[in-house]
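Q: below is the sequence, then the predicted model.
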Amino acid sequence: MRILIAVVFMAILGGQTVMAENFQFDSIDGGTMSMSDWRGQPVLVVNTASQCGFTYQYEALQQLHETYRDKGLVVLAVPSDDFNQELSDAAAVKDFCTVNFGLDVPMTTITKVRGDEAHPFFLWLKQTEGYRPRWNFYKVLLDGEGAVVDTFASTTGPMSRKITKQIETLLN
């Protein structure tokens, strides 16, 4: 169904350039989050999981959020069970992240990030950038216009100089 939505979305836009700002996610807090709400702000999108060897990166995601949010950075956590390492429901994910990491970044509901049923944002990344997360805690940095600046594997920590240098460039 998601692939059908993505195809229809692309067809409606015709020749227009599709940017990340054209996508919406279901919020773990209820309602939806539109990427267009963050127009003009860089966004780091991270597919996450609560039972992964990289789950400790939630702490650094929160640190990144606290360091750069007042300057305009948005950190978007996208919990996914595509690698069979996420808790069974959104409420458990939110509770786990809040209790263990004090995480208060925008967060989606549990979302597919790979395959034909992936969220349209991730289908768009695959189509336009040839990008798909190969594991949990893969990261995509978008500029303020919604264009992909860079992607990072799980092994690149959120507070690594490789990421923070690019964020600082986008914020200045």
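A: Received it, and whenever you're ready, just let me know what you need. Residues are numbered from 1 along each chain as shown.

Q: any figure for the gap between residue 118 and residue 45?
A: In this view, residue 118 and residue 45 are 13 Å apart by C-beta to C-beta, to the nearest Å. Placement of C-beta: from N, CA and C, glycine included.

Q: higher neighbour count, those two?
A: Counted by other C-beta atoms under 10 Å, residue 118 and residue 45 do not tie: residue 45 has more neighbours, with 26 against 22.

Q: now do the same for the more buried one: helix, strand or coil?
A: strand (DSSP: H, G, I helix; E, B strand; the rest coil).

Q: any idea what it is bridged to?
A: Here residue 45 sits in beta bridges with residue 76, residue 140, going by DSSP bridges.

Q: quick check: it touching residue 73?
A: No: in this structure, residue 45 is not within contact of residue 73 by C-beta atoms under 8 Å, at 11.8 Å.

Q: and after the helix or strand bottoming out on mean pLDDT in the chain, which helix or strand comes next?
A: Ranked by mean pLDDT, DSSP states H and E, the weakest helix or strand in the chain is helix 2-13, scoring a mean of 46. Of the helices and strands lying after helix 2-13 in sequence (DSSP states H and E), the nearest is strand 24-26.

Q: quick check: what element follows that following strand along the chain?
A: strand 32-34.

Q: quick one: average confidence on that next one?
A: The predicted model assigns strand 32-34 a mean pLDDT of 96.

Q: now the closest residue to residue 63 other than its chain neighbours. Its backbone dihedrals?
A: Excluding its sequence neighbours, the residue lying closest to residue 63 (C-beta to C-beta, 6 or more residues apart in numbering) is residue 159, at 5.7 Å. Main-chain torsions, residue 159, degrees, to the nearest 10: phi -100, psi 10.

Q: ok, residue 64 next?
A: phi -60, psi -50.

Q: the one 4 residues further on now?
A: Note on residue 68: its backbone torsions stand at phi -120, psi 0 [degrees, to the nearest 10].

Q: burial count for it?
A: 20.

Q: ok now do it, which residues does it touch?
A: Shown in contact with residue 68 (C-beta atoms under 8 Å, 6 or more residues apart in numbering): 167, 171.

Q: oh, and call the first residue 18 from now on, that's how I've got it
A: Fine by me, first position is 18 from now on; the one you just mentioned is residue 85.

Q: quick check: it vs residue 158, distance?
A: On the measure of C-beta to C-beta, residue 85 and residue 158 end up 12 Å apart.

Q: shared neighbours, those two?
A: residue 184.
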